[in-house]
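Asks: Here is my input; please provide its structure:
(one chain, ligands or ions: 1)
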Amino acid sequence: MIFSKKKKDEQPASEPDLVKEEKQDLKLEKEVHNEKLLSVVNVERVFQAGGAPLRVLKGINMELRQNQLVMLRGRSGSGKTTLLNCLGGLDTPTEGEIWFNGRPFHKLSDDKRTLVRRKEMGFIFQAFALMPLLSAKENVELSLRMAGVPRGTWKERVDHCLELVGLEKRMNHRPFELSGGEQQRVAIAKAIAHKPILLLADEPTAELDSNMAAQIMSVFKTIIRTEQVTICMTTHDPTIMEVADHVYEMVDGKFI
Ligand SMILES: Nc1ncnc2c1ncn2[C@@H]1O[C@H](COP(=O)(O)OP(=O)(O)OP(=O)(O)O)[C@@H](O)[C@H]1O
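Replies: The predicted structure follows:
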């Protein structure tokens, strides 16, 4: 028996065996990355802008867990937006891996990444990105339509999201009838309406005074608790950092 087993071990692995082994390795890798909502492993991003290549991300490692508020802090030009774009699949790393919700995000086709992004992620930008002719309610509905959510559920979900951000009395107002902070709260309601598990926010408080910025952070804390979402945001405002679960400090394409 022992002899025959040894002989079997010495045989070169057949092709189906290798495929099986590869699948097992991938399964193991997936299990490791499954524990985290998102993990970033040695990510590099190099832009070919004109002459010399520009190395903007220089070996980034990070992770996001469920129900966390994580901030990326750094000076202008340090690479925060570039990293956020890679996390959201709007851009792809030149090197390295990004695992999202157990999937190798860096290996997915553009189409698959877009699908995952639409269903499982929400985005908030500095300049609110609302449709100017639509009311707050219609802006939130639009995001449900884009995500393919059945129409019958829209009203309840829209009401709930606008209530969560404290705008139940402003549902029929259009963006120009709202303050900057209120517009940003509509943008948040819009970003969470389709129940994403990850919310990415690029400088969501940059256009707001400190009072309004504090309100936005309080809304973020509420939706993390009630909507089971993780938020990763960029900022260079040191005053709002104390509410973060973790702050990654970025200098020249690296975390320090
Ligand atoms: N598509 C691109 N092509 C070439 N260079 C780029 C591209 N995108 C970003 N960069 C460069 O990468 C560097 C980092 O830019 P990035 O926008 O990520 O920084 P940031 O930390 O978000 O800055 P800010 O706080 O001002 O938004 C900058 O020098 C920028 O010019």
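Asks: Going by C-alpha atoms from here, please, whenever you check contacts or count neighbours.
Replies: Noted.
Asks: so who does Val41 touch?
Replies: 59-62, 96-98 (CA atoms under 8 Å, 6 or more residues apart in numbering).
Asks: So which bits of the chain are right by the ligand?
Replies: Selection of the chain residues close to the ligand by CA under 6 Å from any ligand atom yields 47, 49, 56, 75-82.
Asks: sorry, back to before: can you tell me which of the contacts of Val41 has the most neighbours?
Replies: Neighbour counts for the contacts of Val41 (other CA atoms under 10 Å) peak at Ile98, which has 28 neighbours.
Asks: Tell me the secondary structure at it.
Replies: Applying DSSP: H, G, I helix; E, B strand; the rest coil to Ile98 yields a three-state assignment of strand.
Asks: Pull the residues that contact the helix or strand in which Leu72 is found.
Replies: Here Leu72 is covered by strand 69-74, with elements defined by DSSP states H and E. With contacts defined as CA under 8 Å, 6+ apart, strand 69-74 is touched by 64, 80, 221, 224, 230-236, 241, 243-251.
Asks: ok, that strand: who's next to it in the sheet?
Replies: strand 230-235 (parallel), strand 246-251 (parallel) (DSSP bridges).
Asks: Now the last one: buried residues?
Replies: So that's strand 246-251. Buried residues in strand 246-251, counted by 16 or more other CA atoms under 10 Å: 247-251.
Asks: could I get those as TSV with pLDDT?
Replies: Listed next are the buried residues of strand 246-251 as TSV, based on pLDDT from 0 to 100:
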residue	pLDDT
Val247	96
Tyr248	96
Glu249	95
Met250	95
Val251	96
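Asks: and whichever helix or strand comes after the strand holding Leu72, how far from the chain's centre?
Replies: Later in the chain than strand 69-74, the nearest helix or strand by DSSP H and E is helix 80-87. Distance, stretch centre to chain centre, for helix 80-87: 9 Å (CA atoms, centre = their mean, to the nearest Å).
Asks: which other residues reach helix 80-87?
Replies: Identification of contacts with helix 80-87 by CA under 8 Å, 6+ apart yields 45, 56-57, 72-74, 91-93, 98, 200, 202, 234, 250.
Asks: cutoff 7 Å now
Replies: Applying CA atoms under 7 Å, 6 or more residues apart in numbering, the external contacts of helix 80-87 come out as 72, 74, 91-93, 202, 234.
Asks: Farthest pair within those residues?
Replies: Farthest pair in those (CA to CA) is Gly74 and Thr92. Separation: 20.8 Å.
Asks: just the strands in the stretch 101-250 of the chain please.
Replies: For the stretch 101-250 of the chain, the strands defined by DSSP state E, counting those that start in this stretch occupy 103-104, 121-124, 198-202, 230-235, 246-251.
Asks: so how far is the fourth one from its chain's centroid?
Replies: Average the C-alpha atoms of strand 230-235, do the same for its chain, and the two points are 8 Å apart (CA atoms, centre = their mean).
Asks: Ok, the last one next?
Replies: Distance, stretch centre to chain centre, for strand 246-251: 16 Å (CA atoms, centre = their mean).
Asks: right, and the helix or strand after that strand?
Replies: Heading C-terminal from strand 246-251, the first helix or strand you meet, by DSSP H and E, is strand 254-255.
Asks: Tell me where the model's unsure across the stretch 101-250 of the chain.
Replies: Applying pLDDT under 70 to the stretch 101-250 of the chain flags residues 127-128.
Asks: related to what we said a few turns ago, make a PyMOL selection of the buried ones in the contacts of strand 69-74.
Replies: Remark: buried members of the contacts of strand 69-74, expressed as a PyMOL selection using 16+ other CA under 10 Å:
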select buried, resi 64+80+221+224+230+231+232+233+234+235+236+241+243+244+247+248+249+250+251
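Asks: still on that earlier bit, could you export the residues of the chain next to the ligand as JSON lines, including pLDDT?
Replies: Converted to JSON lines, the residues of the chain next to the ligand look like this (pLDDT from 0 to 100):
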{"residue": "Phe47", "pLDDT": "95"}
{"residue": "Ala49", "pLDDT": "76"}
{"residue": "Val56", "pLDDT": "97"}
{"residue": "Arg75", "pLDDT": "90"}
{"residue": "Ser76", "pLDDT": "91"}
{"residue": "Gly77", "pLDDT": "93"}
{"residue": "Ser78", "pLDDT": "95"}
{"residue": "Gly79", "pLDDT": "96"}
{"residue": "Lys80", "pLDDT": "95"}
{"residue": "Thr81", "pLDDT": "94"}
{"residue": "Thr82", "pLDDT": "96"}
